[in-house]
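S.K.: The sequence isn't on hand, but the structure is:
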């Protein structure tokens with residue numbers, strides 16, 4: 001059974017181990033596009049607008065990624081940036097566990113579809129062509145275009161629509177800390193009306 005849980009600074013050691021094993025694996029088979037330092041910085045210094053999510057199999061962290069609202073500016077048009085969307089960033093999976101990208105994709109789609117304020121799209125920017133190919137062919141993502149980011153990497157910009165999957169929670173559970181998405185949480189905070197007469 002897999003569980004998706006919000007990662008906290010106390011999860012630093014298993015996250016650092018996961019990133020280390022994945023980057024070593026990538027270096028053996030191709031040039032690694034990232035060393036995972038951005039993901040580790042997020043774990044050490046959480047940002048309120050980014051959810052750092054871990055995929056656990058029992059007590060082992062087997063995947064991690066950051067989930068934020070809206071795409072980065074690089075490569076996405078103004079109209080696309082205006083659409084309600086979530087951006088998956090800095091995804092890492094355990095090299096000893098095959099097909100976790102597919103499982104994580106299904107969970108993200110189901111999780112997004114179950115929100116009171118569901119995004120129109122889930123998006124990502126992938127610098128590694130083989131990973132982009134895998135996400136397109138095996139995980140159901142659609143290539144929007146290729147575009148260079150701010151540092152010059154050529155990224156495949158991918159997206160997919162949220163999709164509710166009945167009984168998916170029998171395969172992957174979602175932690176209670178992930179049940180209210182950031183949009184809804186902000187809406188609840190900003191819509192609270194306090195009458196000065198009360």
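M.R.: Now that the structure is in, tell me what you want to look at. Remember, it's a predicted structure, so these values are computed and weren't measured experimentally.
S.K.: and residue 119, what is it in contact with?
M.R.: Residues near residue 119 by C-beta atoms under 8 Å, 6 or more residues apart in numbering: 69, 84-86, 112, 162, 183. All C-beta spots, glycine's among them, are computed from the backbone N, C-alpha and C.
S.K.: now do residue 175
M.R.: Counting by C-beta under 8 Å, 6+ apart, residue 175 has contacts 3-6.
S.K.: beta partners for the residue most central in space within the chain?
M.R.: For the chain, the residue sitting closest to the mean C-alpha position, by C-alpha atoms, centre = their mean, is residue 88 at 3.3 Å. With DSSP bridges as the criterion, the beta-bridge partners of residue 88 are residue 67, residue 124.
S.K.: these two touch, right, residue 4 and residue 106?
M.R.: No: checked against C-beta atoms under 8 Å, the pair residue 4 and residue 106 is beyond contact range at 11.1 Å.
S.K.: if you count what's nearby, which of these two comes out ahead?
M.R.: Counted by other C-beta atoms under 10 Å, residue 4 and residue 106 do not tie: residue 4 has more neighbours, with 21 against 17.
S.K.: do you know how far that one is from residue 74?
M.R.: Using C-beta to C-beta, to the nearest Å, residue 4 is found at 27 Å from residue 74.
S.K.: likewise residue 91?
M.R.: Relative to residue 74, and taking C-beta to C-beta, residue 91 is found at 17 Å.
S.K.: picking that back up, who's in contact with the residue nearest to the centre of the chain?
M.R.: The contact partners of residue 88, by C-beta under 8 Å, 6+ apart, come to 65-67, 108, 122-124.
S.K.: again, but for residue 144
M.R.: Counted by C-beta under 8 Å, 6+ apart, residue 144 has contacts 80, 123, 157-159.
S.K.: Check residue 137 too.
M.R.: Under the criterion of C-beta under 8 Å, 6+ apart, residue 137 has no contact partners.
S.K.: Just the element for it, please.
M.R.: If you go by DSSP states H and E, residue 137 is part of helix 129-139.
S.K.: Any buried residues in that helix, and which?
M.R.: The neighbour-count check on helix 129-139 (16 or more other C-beta atoms under 10 Å) flags 131-132, 134-136, 139 as buried.
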